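K.L.:
have a look at this prediction, sequence included:
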Amino acid sequence: MINKKVAYSEVLYGQTRQHDVLVSPTAKSNPHFFIKHNTVHHMTSVILLHVFILDNGYVNQLNGRVFDVWADFLFIFIIAGCGKMSSVPDGKKLVRSPSGLRMVPENGAFNSPFSLDEPQWVPDKECPSCMQCTKKFDFLTRKHHCRRCGRCFCDKCCSKKVTLPRMCFVDPVRQCGECSRVSQKEMEFYDKQLKVLMGGGTFIVTLGTSEKSETMMCRLSNNHRYLFLDGESHFEVELSRISSMQVLTEESTPEGGNCRASGMLLHYKPMGSQDPKQLRMEAAEDKKTASSWLAAMHKGAKLLYEARDQ
């Protein structure tokens with residue numbers, strides 16, 4: 001049972017944001033706490049942090065102006081402390097890896113199916129020269145690891161810092177030219193398509209070979225792990241248990257020409273069962289919204305299969 005509340009404010013380049021954070025009962029004896037969804041925002045190199053721990057009217061205030069690594073250290077110390085994280089379903093924790101700060105689910109079972117694991121870095125002793133331009137590393141030409149592929153590059157070939165939400169990094173991270181282009185393309189999915197998927201679309205849904213269909217709203221869950229289907233009945237499909245996904249199309253005009261997505265055929269295994277089931281979804285009256293949802297799901301499927309093949 002949560003029995004404390006911490007309020008903290010950030011002063012970032014003249015802008016202040018207030019946040020409420022839920023705290024575990026263990027905070028009294030060991031001042032570490034667990035942060036719920038959407039309470040940690042983009043960290044910068046200069047941050048003025050105020051933390052107030054409220055306990056029976058007693059207020060402890062911690063003020064500190066920290067720079068670069070000190071911002072990371074202070075934030076990790078406050079969040080992680082020196083004990084074990086409290087257990088909150090679907091909660092997230094801030095972790096420090098060699099590649100940077102990451103906000104990841106406390107329980108690995110709650111990872112987004114679109115997420116990627118961090119790569120193993122190529123050992124320094126195995127890369128005497130840049131793996132792109134072959135320039136030899138020395139005191140002046142330093143080596144850098146791409147956070148997405150783990151290979152070694154010189155500064156010129158690995159200079160871009162790009163957002164990498166698929167690995168849950170808090171800040172943009174260093175990536176090679178090839179990886180940075182891939183990450184930038186993926187940002188469209190995270191910035192646009194995910195919102196479409198979570199907004200949902202209306203479909204005529206048929207389970208298996210049944211002749212009975214039902215009009216249902218289909219949307220992606222906030223943690224990206226489930227498709228929720230709501231109508232007269234309700235059920236959900238876990239994305240990780242989808243074995244195949246086929247987009248159905250139709251001609252957009254009677255004269256032919258361009259095709260648009262009109263439905264989707266899924267094969268999946270329900271929880272606790274190894275027997276595959278078929279789910280057929282066809283666009284209902286609002287075909288434009290349904291078509292946009294299907295197009296977004298098609299892009300999501302590519303990321304889903306890539307994550308599985310990692």
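P.N.:
Received, thanks.
K.L.:
how near is Y268 to A296?
P.N.:
19 Å (CB to CB, to the nearest Å). C-beta coordinates here come from the backbone N, C-alpha and C atoms, glycine included.
K.L.:
and Q193, by the same measure?
P.N.:
Distance from Q193 to A296, counting by CB to CB: 4 Å.
K.L.:
pull out the buried positions in stretch 223-241.
P.N.:
Buried positions in stretch 223-241, judged by neighbour count with 16 or more other CB atoms under 10 Å: 224-229, 231, 237, 239, 241.
K.L.:
from those, which ones fall inside strands?
P.N.:
226-229, 237 (DSSP state E).
K.L.:
make a markdown table from the residues you listed and add pLDDT to it.
P.N.:
Shown next, in a markdown table, are these (pLDDT from 0 to 100):
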| residue | pLDDT |
| --- | --- |
| Y226 | 94 |
| L227 | 95 |
| F228 | 96 |
| L229 | 95 |
| V237 | 93 |
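K.L.:
between all of those, which two are at the greatest distance?
P.N.:
Y226 and L229 (9.6 Å; CB to CB).
K.L.:
what touches both of the two?
P.N.:
236-237 (CB atoms under 8 Å, 6 or more residues apart in numbering).
K.L.:
check for me that M281 belongs to a strand.
P.N.:
Yes - assessed by DSSP: H, G, I helix; E, B strand; the rest coil, M281 belongs to a strand.
K.L.:
that one: neighbouring residues, count only.
P.N.:
Neighbour count for M281, taken as other CB atoms under 10 Å: 26.
K.L.:
what's the answer for the one 3 residues further on, then?
P.N.:
One way to gauge burial is a neighbour count; for A284, by other CB under 10 Å, it gives 16.
K.L.:
again, but for K195
P.N.:
Neighbour count for K195, taken as other CB under 10 Å: 11.
K.L.:
do the same with K212
P.N.:
Neighbours of K212 under the rule other CB under 10 Å: 7.
K.L.:
now do the same contact list for the nearest residue to it once chain neighbours are set aside.
P.N.:
Closest residue in space to K212, ignoring its immediate chain neighbours: T206 at 7.4 Å, by CB to CB, 6 or more residues apart in numbering. By CB under 8 Å, 6+ apart, T206 lies in contact with 212-213, 279-280, 282.
K.L.:
in the sheet, who's paired with T206?
P.N.:
S213, R280 (DSSP bridges).
K.L.:
any idea of the pLDDT on it?
P.N.:
Confidence at T206, expressed as pLDDT, is 93.
K.L.:
show me where the chain has helices.
P.N.:
Taking DSSP state H, the helices of the chain run over residues 69-80, 177-188, 194-199, 287-308.
K.L.:
domain assignment for the chain?
P.N.:
Following automatic domain parsing, one gets these domains for the chain: 4-88, 124-189, 200-308.
K.L.:
lowest average pLDDT across those domains?
P.N.:
Looking at those, the bottom one is domain 4-88 with a mean of 37.
K.L.:
T215: neighbouring residues, count only.
P.N.:
Count around T215 with other CB under 10 Å applied: 12.
K.L.:
what residues are up against it?
P.N.:
Going by CB under 8 Å, 6+ apart, T215 touches 202-205, 231, 284.
K.L.:
C179 now?
P.N.:
Here C179 is in contact with 146, 148-149, 162 (CB under 8 Å, 6+ apart).
K.L.:
recalculate using a threshold of 10 Å.
P.N.:
119, 146-151, 153, 158, 160, 162, 164, 173 (CB atoms under 10 Å, 6 or more residues apart in numbering).
K.L.:
ok, and the closest non-adjacent residue to it?
P.N.:
R148 (3.9 Å).
K.L.:
list phi and psi for that neighbour.
P.N.:
phi -100, psi -40 (degrees, to the nearest 10).
K.L.:
wouldn't it be in contact with P165 here?
P.N.:
No - if you go by CB atoms under 10 Å, R148 and P165 don't touch, sitting 11.7 Å apart.
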